[in-house]
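A.B. asks: here is my input, please return the structure:
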Amino acid sequence: MARPMSSPGRARCKWAARTAALALLAVSSGIVPRPAPAALIRDNLYDVKALDAREAWAVGNFGAIYHTADGGKTWQARESGTKSPLFGVDFAGPRDGWVVGKSALILHTADAGATWTRQTNPISAQKPLFKVRALDARTAWAVGDWGAVAVTHDGGETWEDRSLPDDVVLYDVSFPDARHGFVAGEYGTLLATEDGGATWAKRPVGTEKTLFGVSFTSPTQGWVVGIDGLVLRTRDGGATWDVQRGAVEAGSIEELGFLEALKNPGLYAVQVAGRYGVVIGDTGMVLTTADGGETWTRRELPGKQQLVWMRGVSLAAGPEGFVVGGSGFTARVEQDRIVLPAAGEAAAAP
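C.D. replies: Predicted structure coming up:
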């Protein structure tokens, strides 16, 4: 399964469910406890959208939609009208948002999440949609399994099927502006558009490893993350890539060694905003940057949270934002610090 531990995706890549039942070194004081307890959430959470430093939306299993307006101290459940897993969420401002999920499900709100309405789209119900990006209140892109790509230019009144002819899982999409967009997926797939999605072209990234996350801060500056702790950076719109972490060559656990493989769990999401950025993944893996993505520092979660898997990260202005993951895991991002719920404990300084 390309996304392990109850996450969306199909079995495509050689993947080891890596346990973290080893004593990991505490490396940073960038993990701090949050003073107020968050409301208990048990659902696996797959994505989050930060509107600002205090307000965010999260989605997950069993049609779960949660909203916070107090910086994540409390989360309120909102009725979605479905019990299907929800994998992606995005908003174009405070009122207009979309959620996507299993069976090509697309939900839309135009009243700041008070109500969610299912939108009809031409994507086959056999294809789950994993990510949605809202460019504005009228334009949004969604991507998913079996090369699924859909776009709306009228607020979701109609959706156009722009799916690929290839049988490839597409996991993430990033639009730094209305004309430039990037889609990441398995087999090292990276698609790019320079005309607002009218045409897409493949960009070589130098690996066939699955890419789960993509974030571009401009048409030229971007990052992708993926299997085996891979972090790649481009400065020229994807024409060339630098390896910042991991290796582009595929290797088995037998070849790498268990301890080495444990240090490089799958990375599922990346977000960069100005000087600050966050990468998250399996077995408590968090990387942060405070120099615009030039370098990344590992922040190890304390105690049992070293076992948690994370799937969504979103940064707003500040930059501050939120991280979500398995079994209702939530945390705040404050620049290059990860602020845990009250039950967490601060990691020791190096």
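A.B. asks: then stretch 80-97 to PDB, C-alphas only?
C.D. replies: In PDB, the C-alpha atoms belonging to stretch 80-97 read as follows (Å, rounded to 0.1, in the frame of the first residue of the first chain):
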ATOM      1  CA  SER A  80     -20.400  16.200   6.400                       C
ATOM      2  CA  GLY A  81     -23.400  14.100   5.300                       C
ATOM      3  CA  THR A  82     -21.200  11.100   4.600                       C
ATOM      4  CA  LYS A  83     -19.300   8.300   6.400                       C
ATOM      5  CA  SER A  84     -16.800   7.900   3.700                       C
ATOM      6  CA  PRO A  85     -13.100   8.700   4.400                       C
ATOM      7  CA  LEU A  86     -12.200  12.200   3.500                       C
ATOM      8  CA  PHE A  87      -8.600  12.700   2.300                       C
ATOM      9  CA  GLY A  88      -8.200  16.400   1.300                       C
ATOM     10  CA  VAL A  89      -9.400  19.800   2.300                       C
ATOM     11  CA  ASP A  90      -8.700  23.400   1.000                       C
ATOM     12  CA  PHE A  91     -10.300  26.800   1.300                       C
ATOM     13  CA  ALA A  92     -10.200  29.900  -0.900                       C
ATOM     14  CA  GLY A  93     -10.700  32.400   1.900                       C
ATOM     15  CA  PRO A  94     -12.900  31.900   5.000                       C
ATOM     16  CA  ARG A  95     -16.200  31.000   3.300                       C
ATOM     17  CA  ASP A  96     -15.500  28.900   0.200                       C
ATOM     18  CA  GLY A  97     -14.000  25.400   0.600                       C
END
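A.B. asks: buried ones in it?
C.D. replies: By 16 or more other Cβ atoms under 10 Å, the buried positions in stretch 80-97 come out as 80, 82, 84-92, 96-97. Yep, even glycine has a C-beta here, placed from its N, CA and C like the rest.
A.B. asks: so which of those residues comes closest to Thr193?
C.D. replies: For the buried residues of stretch 80-97, the closest approach to Thr193 (Cβ to Cβ) belongs to Asp90, at 17.5 Å.
A.B. asks: check the gap between that closest one and Trp141 for me.
C.D. replies: With distances taken as Cβ to Cβ, to the nearest Å, Asp90 is found 9 Å from Trp141.
A.B. asks: can you pull the residues that touch both of the two?
C.D. replies: By Cβ atoms under 8 Å, 6 or more residues apart in numbering, Asp90 and Trp141 have these common neighbours: Val132, Arg133.
A.B. asks: what residues are up against His67?
C.D. replies: Listed by Cβ under 8 Å, 6+ apart, the contact set of His67 reads Glu55, Ala56, Trp57, Ala58, Trp75, Gln76, Arg78, Gly113.
A.B. asks: tell me the one of the residues you listed nearest Trp309?
C.D. replies: Closest to Trp309, out of all of the contacts of His67 and judged by Cβ to Cβ, is Ala58, at 14.8 Å.
A.B. asks: so the closest one is in contact with Gly325, correct?
C.D. replies: No - using Cβ atoms under 8 Å, Ala58 is not in contact with Gly325, being 10.0 Å away.
A.B. asks: now do the shared contacts for the two.
C.D. replies: Both Ala58 and Gly325 are contacted by Leu45, Gly312, under the criterion Cβ under 8 Å, 6+ apart.
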